[in-house]
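Asks: Here is the input, now give the coordinates:
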Amino acid sequence: MKLQAVVPGSWSSLPAISLLCAGLISGCADMEHVGWHLASSTKPALMQINGQRLEGDVQLRPDRTGAIRMAGEGSIASCAGSLRFTAVNSGAMDMRCSDGGMFDLRFALVNEVKGYAFGSYQDATVALTFGMEAPEAQAYLARASAKAAVGAAPVTP
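Replies: I've put the predicted structure just below:
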């Protein structure tokens, strides 16, 4: 059996190899982007501000950051923000709303994908829950409403 040697002077496949390498490199960036989305956890969320309820979701990412998107009907049509962990199971949320309002919330996790947050906005208590079924979420939201009704300072985790 005779083996055929590769002749160094045959460069006819160089364009194909170049295209393959370029495709693999750009594919790695796309795979990282897809990987972040696959590894992220998006959970339903409820937020109550001054008697108005907004619904949306909270996305928790593996790098201990996340995103919040909320929408509602009323004086505040939408809010969006970001979150970052500042401890093992708690952190901060920065929110921006369609009415121009900006406020911070402190959150705490109940488990890996469930939590609650409290803060204040225009002298009102803000409450947010994520990853909870409606009855459980209502317990945290009612707590904020009760605090607002008696004029107490907001509770932070």
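Asks: Just the local confidence number for residue 15, please.
Replies: Residue 15 carries a pLDDT score of 57 in this model.
Asks: next structured bit after the element among helices and strands of the chain having the smallest mean pLDDT?
Replies: Ranked by mean pLDDT, DSSP states H and E, the helix or strand of the chain with the weakest confidence is helix 14-39, at a mean of 55. Remark: after helix 14-39, the chain's next helix or strand is strand 41-49, criterion DSSP states H and E.
Asks: Within the sheet, what are the partner strands of that next one, with directions?
Replies: strand 52-60 (antiparallel), strand 124-130 (antiparallel) (DSSP bridges).
Asks: Reformat those strands as a markdown table; add mean neighbour count and mean pLDDT.
Replies: Backbone N, C-alpha and C define where each C-beta goes, glycine included. Converted to a markdown table, those look like this (neighbours: other C-beta atoms under 10 Å; pLDDT from 0 to 100):
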| stretch | mean neighbour count | mean pLDDT |
| --- | --- | --- |
| strand 52-60 | 18 | 95 |
| strand 124-130 | 25 | 94 |
